[in-house]
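A.B. asks: what would the 3D arrangement of this be:
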Amino acid sequence: MTMKPIAAAAALLALLGGCAVTGPSSAPAVPTAPARWQSEPAEGPGAEWALLADAELNALLAQAEAANRDLAQAALRISQARTQAGLGALRLTPSASLSAGANRALDPPGGLPAQTTRSYGASVGVGYELDLWGRLAAQRGADAAQLAAAETDLRAARLLLRHQVADSYWQLAAARLQGELAQEQLQLNRELLAATQLRVREGKLLPIEADRAAATLQQAEVRVADLQADAALQRLQLALLLDQPPPGPLPQARLPADAAPRWRVGADPAAVLARRPDVQRARANVDAALARVQGADAQRYPTLSFSASFGTGGAQVSNWLANPVASLAANLVVPMIDWKRLDLQRDAARTELELAALALRDTVARSLVEVESALIEGQRLQQQLEANETRRREALAAEKVAAVRLQAGAIARADYLQAKNARLEAEQGRLQLQLRAWINRSQLAKALALG
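C.D. replies: Alright, predicted model coming up:
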């Protein structure tokens, strides 16, 4: 090839590339986060997952991370995305082939006997595309963004798994503690029903009081059955999370006796958003969509590729070294005729970018609301716990007074049993509020992407 054809090809390439130039595609504006949290408490310890889990819960979490199927699927998707990124990074395309053939004429001329001719061949080649307009770089950028998105899926699955295991663990512990109180309350209500029926027969109470006592006993029986079912369901949930057969593990679950810590989030909202896997995935999707737009724009430009091959062949394999053929070629493709399809591809890529940008804005907004909601719910539960503590103290004091008056003969045993029943109700309410408060801290830890 002389210099004149090369210069002519270069000039044509530049001319056609200039004709295909479109406006550069830029990344959409990134949503901004507020300067501070609106519902953060004025004081308290910093948010930290280590403040929530005891040794047994940490052991369950380790088992879940080793056996959970969702984590295994997320890890495989990362491997799949990494393989795709490796394929996209290949610039050289080698090829090799072997061939063998035989021909025999069906109707030889002049009545001559038919002859069979054989041929054998082998070739090896390599192709390389010159990335003049960044199309291949954009493709590699899209693959890298998809890999980053897959990696965030693994972190999101791990955070969700930790939250689910902790919830089931604490609900199992609360069901066990509430079950003990419910059994005590059940026996108390049976005794209360018998005492009420006796007083009705003595004419000291109206018959409706016996019906009310029977209804209270029924509620106690239902509560015991519900708590037993809740414990069984939480064991099944743990079995699913730990990939174990039913009925699932039976850990010595413990609900912390202390109140859930009133955390200060500490980090500014922008820092929290930066570490949340769902926000990271949404940003990676925007990067991938932007790279596809850039690739669609670059497809409108001419492409220049080179190929080299070496081959040989002959009627016998022994003739291969006698007939080698080497070739070097350049291929210039000008996408002028296919402009309609290229326009549609570019429009589709830009629509995908707009969708990804809207999804990012939605994810950021939902993330901020999730954190603020967890903080608000934590404040509400704290107020409810304080109110419940006041009720519990009053019920405990009333039970003590009733016990003294019962010993003095001032009241009937049924009145004392009602006072004791009120104290047990307050105890069960406190356990339920404690459970909700610790689950709220787990939800806040997940929202803050702690760990």
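A.B. asks: any idea which helix or strand comes after the helix or strand of the chain with the lowest mean pLDDT?
C.D. replies: Each helix and strand of the chain was given a mean pLDDT (mean pLDDT, DSSP states H and E); the minimum falls on helix 3-20 at a mean of 48. Stepping forward along the backbone from helix 3-20, the first helix or strand reached (DSSP states H and E) is helix 55-67.
A.B. asks: what about that following helix, average pLDDT?
C.D. replies: Average pLDDT, helix 55-67: 93.
A.B. asks: and the contacts of that helix?
C.D. replies: 53, 71, 158, 161-162, 165-166, 169, 238, 241-244, 249, 251-254 (CB atoms under 8 Å, 6 or more residues apart in numbering). From N, CA and C alone the C-beta is placed, and that goes for glycine too.
A.B. asks: what about the longest strand in this structure?
C.D. replies: strand 116-130 (DSSP state E).
A.B. asks: mind giving me the packing neighbours of that one?
C.D. replies: strand 92-104, strand 303-314 (3 or more CB pairs under 8 Å, 6 or more residues apart in numbering; DSSP states H and E).
A.B. asks: weakest of those in terms of mean pLDDT?
C.D. replies: strand 92-104 (a mean of 67).
A.B. asks: low-confidence regions, the stretch 251-400 of the chain specifically.
C.D. replies: The model of the stretch 251-400 of the chain has pLDDT under 70 over residues 317-321.
A.B. asks: show me the contacts for the nearest residue to Leu444 once chain neighbours are set aside.
C.D. replies: Nearest residue to Leu444 in three dimensions, chain neighbours excluded: Ala374, at 4.0 Å (CB to CB, 6 or more residues apart in numbering). Shown in contact with Ala374 (CB under 8 Å, 6+ apart): Asn440, Gln443, Leu444, Ala447.
A.B. asks: so which of those residues is the closest to Ala349?
C.D. replies: Distance to Ala349 across those (CB to CB) is lowest for Ala447, with 33.1 Å.
A.B. asks: doesn't Val371 make contact with that closest one?
C.D. replies: Yes: using CB atoms under 8 Å, Ala447 is in contact with Val371, at 4.7 Å.
A.B. asks: now the element after the longest strand of the chain, going C-ward?
C.D. replies: Assigned by DSSP H and E, the successor of strand 116-130 is helix 135-201.
A.B. asks: what mean pLDDT does the next helix or strand after that following helix get?
C.D. replies: Remark: after helix 135-201, the chain's next helix or strand is helix 207-241, criterion DSSP H and E. Here helix 207-241 scores 94 as its mean pLDDT.
A.B. asks: and what of stretch 419-427?
C.D. replies: What stretch 419-427 shows for mean pLDDT is 93.
A.B. asks: next, the buried residues of it.
C.D. replies: Across stretch 419-427, burial judged by 16 or more other CB atoms under 10 Å covers Ala419, Lys420, Asn421, Ala422, Arg423, Leu424, Ala426, Glu427.
A.B. asks: could I get stretch 371-386 in PDB with only the CA atoms?
C.D. replies: The C-alpha trace of stretch 371-386 is given here as PDB (Å, rounded to 0.1, in the frame of the first residue of the first chain):
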ATOM      1  CA  VAL A 371     -33.600   7.400  57.600                       C
ATOM      2  CA  GLU A 372     -35.800  10.300  58.800                       C
ATOM      3  CA  SER A 373     -38.700   7.800  59.300                       C
ATOM      4  CA  ALA A 374     -36.600   5.500  61.400                       C
ATOM      5  CA  LEU A 375     -35.500   8.500  63.600                       C
ATOM      6  CA  ILE A 376     -39.000   9.700  64.000                       C
ATOM      7  CA  GLU A 377     -40.300   6.200  64.900                       C
ATOM      8  CA  GLY A 378     -37.500   5.800  67.400                       C
ATOM      9  CA  GLN A 379     -38.500   9.000  69.100                       C
ATOM     10  CA  ARG A 380     -42.200   7.900  69.200                       C
ATOM     11  CA  LEU A 381     -41.200   4.500  70.700                       C
ATOM     12  CA  GLN A 382     -39.100   6.200  73.300                       C
ATOM     13  CA  GLN A 383     -42.100   8.300  74.400                       C
ATOM     14  CA  GLN A 384     -44.300   5.300  74.400                       C
ATOM     15  CA  LEU A 385     -41.800   3.400  76.600                       C
ATOM     16  CA  GLU A 386     -41.700   6.200  79.000                       C
END
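A.B. asks: work out the gap between it and the centre of the chain.
C.D. replies: 25 Å (CA atoms, centre = their mean, to the nearest Å).
A.B. asks: now stretch 156-165
C.D. replies: 8 Å.
A.B. asks: same thing with stretch 284-297?
C.D. replies: On CA atoms, centre = their mean, the centre of stretch 284-297 falls 23 Å from that of its chain.
A.B. asks: my read: Trp438 touches Ala253, true?
C.D. replies: No: between Trp438 and Ala253 there is no contact under CB under 8 Å: 11.7 Å.
A.B. asks: how about low-confidence regions in the stretch 101-250 of the chain?
C.D. replies: Checking the stretch 101-250 of the chain against pLDDT under 70 turns up 101-115.
A.B. asks: what about 90?
C.D. replies: 101-137, 139, 195-196, 198-199, 201-206, 209, 248-250 (pLDDT under 90).
A.B. asks: let me know the angle separating whichever strand or helix holds Leu344 from helix 135-201.
C.D. replies: Element membership for Leu344, per DSSP H and E: helix 339-407. Orientation check (axes from the mean of the first three to the mean of the last three CA atoms, to 10 degrees): helix 339-407 against helix 135-201 gives 20 degrees.
A.B. asks: ok now helix 339-407, how far from the chain's centre?
C.D. replies: Mean-position distance between helix 339-407 and its chain equals 17 Å (CA atoms, centre = their mean).
A.B. asks: one step back: which of the contacts of helix 55-67 count as buried?
C.D. replies: 53, 71, 158, 161-162, 165-166, 169, 238, 241-242, 244, 249, 251, 253-254.
A.B. asks: from those residues, pick the one nearest Ala27.
C.D. replies: Nearest to Ala27 among the buried ones among the contacts of helix 55-67, with distances taken as CB to CB, is Arg158, at 28.7 Å.
A.B. asks: how near is that closest one to Ala449?
C.D. replies: 10 Å (CB to CB, to the nearest Å).
A.B. asks: next: Val30.
C.D. replies: 18 Å.
A.B. asks: how about Asp153?
C.D. replies: 13 Å.
A.B. asks: so what's in contact with the two at the same time?
C.D. replies: By CB under 8 Å, 6+ apart, the residues touching both Asp153 and Ala449 are Pro277.
A.B. asks: if anything else comes up later, I'll come back, but that's it for now.
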